[in-house]
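Engineer: I need the structure of the sequence given here:
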Amino acid sequence: MFLQIILNLGLVLVGVATVAYMLIHRQYTYWERKGIPFIRPESYLGTYADAVSKKKPLCDVVSELYVKFRGKKFGGVWELFSPRLFLVDPDMVKDIMIKNFDSWSNRGLTSNPEVDPLSQHIAMLDGKMWKVVRTKLTPTFTSARLKSMHYLVLECAKNLEKYLDAVVRKNEPIEAREVGAKYTTDVIGSCVFGIQMNSLNDEDAAFRKMGKRLGGGSGYWSRFVHLLQGSSPWLFHKLKLSLTPPDVEEFFLRITREAFEYREKNNVQRHDFVDLLRKLKNTDQKLGKDDVVFDDKLLAAQAFVFFGAGFETSATTIGYILHELAVHQDIQDRLRKELREMKAANNGEITFDGLQGMKYLDMVLQETLRKHPIVPQLERVSVRPYELPGTNVVLPVGSKCIIPIYALHHDPEFWPNPSKFDPERFSEEGKAKQTPYTFMPFSIGPRTCIGSRFAEQQTKVGILTMLDKFKIILCEKSQNPLKYRNGAGVFLMPERGFWIKMIPLGADDK
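Structural biologist: Numbering: from 1, shown residues only. Below is the predicted model of the structure:
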């Protein structure tokens, strides 16, 4: 009897293993059966194995795949067992991101709002829900609204200046991204939540703690959850997994609710993001049978993503800019000269209109985002059958594609000597020579980053505040050239941080 049970169990296990092998084999022959050029995975981790196992940075893996597919419009790769269409030709990028956006409108980021309410934010939403939320949030980032919030950014910049005055006196190396993160946390806190964060003066400031918690998701469990979300969304959904730590969820739900209650009770208006969310909450948003109810959880999720994405990406961009300015003193001097001219024309202030007129500052920012794109690749998911151009191959609904931003930004065919930091690429003459759809630091098309202009605003003000009083130089802890951190993280990060020194400007420099 016992032997029979063991035999039956063995047969079941063999059957399960056989079925699993057949399913995996079918997945790994997907592109071959479609007649699409592909790069066969060398392990069960898929084509991205070296990034998943943290042997290489994601940007290096993306670039290697891009080079292998050179001369083709697209190719087939895998994330774990899940096939992905890898775009190579800029015209294909245009076709999917713009021309046929209605067929590729989803990002396919599965969430479980019932256990993770903060995951129902604009970056994760798809379909009608995304369209409604995007439409309602767009007024936050008009020029008029950004201009009305500029005084809040300047208040945080003045606190940054005071903080740096004290730090620089110590004559010690400074980790630029950490300083940038304290500043951008304060800006986001003021403009999004209407709260004075005080991250620059208080190491234990609550929002800075939350920021570090969000940026610390590199443990094995966190990596597994994110990997499962991308490669096996059905299992991620079935297991009801959450992307947000419980304490982070409780914190953001609470502060958003408290911000609403305080402003309602005291009739406070600041013309910021919270005011817009309050308006949505107090307005009945009826849209036929597909109603979208802007309850506290949905609204808190939007505030949450602007905090998480806003402080992290801008702080990292500040780090990359300061590193490049420290390496290229001539560019730093030219930028400071432009700053002096702008302030002289605006009563010594960094005005909103003056900021918009700083063309060289914008060139420096865009070249930084070209050389160091914070997000090295994008993904899209099809919502309609899609016929690959030049073939009779039709990809079914639910197909996934990859847009290799980092590789396109570093293709010498489009960007000669791509490793060189050269802001002139974004002069009027330089932009006229650019190949369309080879530069997309904030994505392109209808799903371009909704907060990109605000991100640029706070980044530029932060950089100018530093340049106004300090010279940026490399130090003994600087890594030059920068090397990127291994792994498949969402953001492109340096291996050893952004270490610099700041020196007070002398009378001749001012």
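
Engineer: Please count neighbours and contacts with C-alpha atoms only from this point.
Structural biologist: Fine.

Engineer: Next up, the contacts around E495.
Structural biologist: 482-486 (CA atoms under 8 Å, 6 or more residues apart in numbering).

Engineer: any idea what sits nearest it, other than its immediate chain neighbours?
Structural biologist: The shortest distance from E495 to any non-neighbouring residue, by CA to CA, 6 or more residues apart in numbering, is to R485 (4.1 Å).

Engineer: Just give me the neighbour total for V61.
Structural biologist: Neighbour count of V61, defined by other CA atoms under 10 Å: 19.

Engineer: Quick check: it is in a helix.
Structural biologist: Yes - counting by DSSP: H, G, I helix; E, B strand; the rest coil, one finds V61 located in a helix.

Engineer: State the pLDDT value of it.
Structural biologist: pLDDT for V61: 96.

Engineer: how close does it sit to Y406?
Structural biologist: From V61 across to Y406, the span is 10 Å (CA to CA, to the nearest Å).

Engineer: need the contact list for Y406.
Structural biologist: Per CA under 8 Å, 6+ apart, neighbours of Y406: 59, 62-63, 371-373, 375-377.

Engineer: Does T368 touch I318 like I think?
Structural biologist: No - counting by CA atoms under 8 Å, T368 sits too far from I318 to count as a contact (9.3 Å).

Engineer: if we can go back for a sec, narrow the contacts of E495 to just the buried residues.
Structural biologist: Buried by 16 or more other CA atoms under 10 Å: 482, 484-486, out of those.

Engineer: tell me, how many neighbours does Q196 end up with?
Structural biologist: Neighbour count for Q196, taken as other CA under 10 Å: 15.

Engineer: mind checking the SS state of it?
Structural biologist: Classification of Q196 by three-state DSSP places it in coil.

Engineer: Please report how far the nearest residue to it once chain neighbours are set aside lies from D102.
Structural biologist: Nearest non-adjacent residue to Q196, counting by CA to CA, 6+ apart: S190, 5.7 Å away. Distance of S190 to D102, given as CA to CA: 36 Å.

Engineer: again with P389
Structural biologist: 16 Å.

Engineer: Give me the more crowded residue out of those two.
Structural biologist: A count of neighbours by other CA under 10 Å puts D102 above the other of P389 and D102, at 15 against 11.

Engineer: show me the contacts for the more buried one.
Structural biologist: Neighbour list for D102: 383-384 [criterion: CA under 8 Å, 6+ apart].

Engineer: Could you report the pLDDT at it?
Structural biologist: 96.

Engineer: which SS class is it?
Structural biologist: Recorded secondary structure, D102: helix (three-state DSSP).

Engineer: Tell me who's in contact with the residue nearest to E495.
Structural biologist: By CA under 8 Å, 6+ apart, the residues touching R485 are 56-57, 492-496.

Engineer: Would you mind measuring from it to S63?
Structural biologist: 15 Å.

Engineer: If we ignore the residues flanking it in sequence, what's nearest P494?
Structural biologist: Y484 (4.3 Å).

Engineer: What residues does that neighbour make contact with?
Structural biologist: With contact taken as CA under 8 Å, 6+ apart, Y484 is in contact with 57, 492-495.
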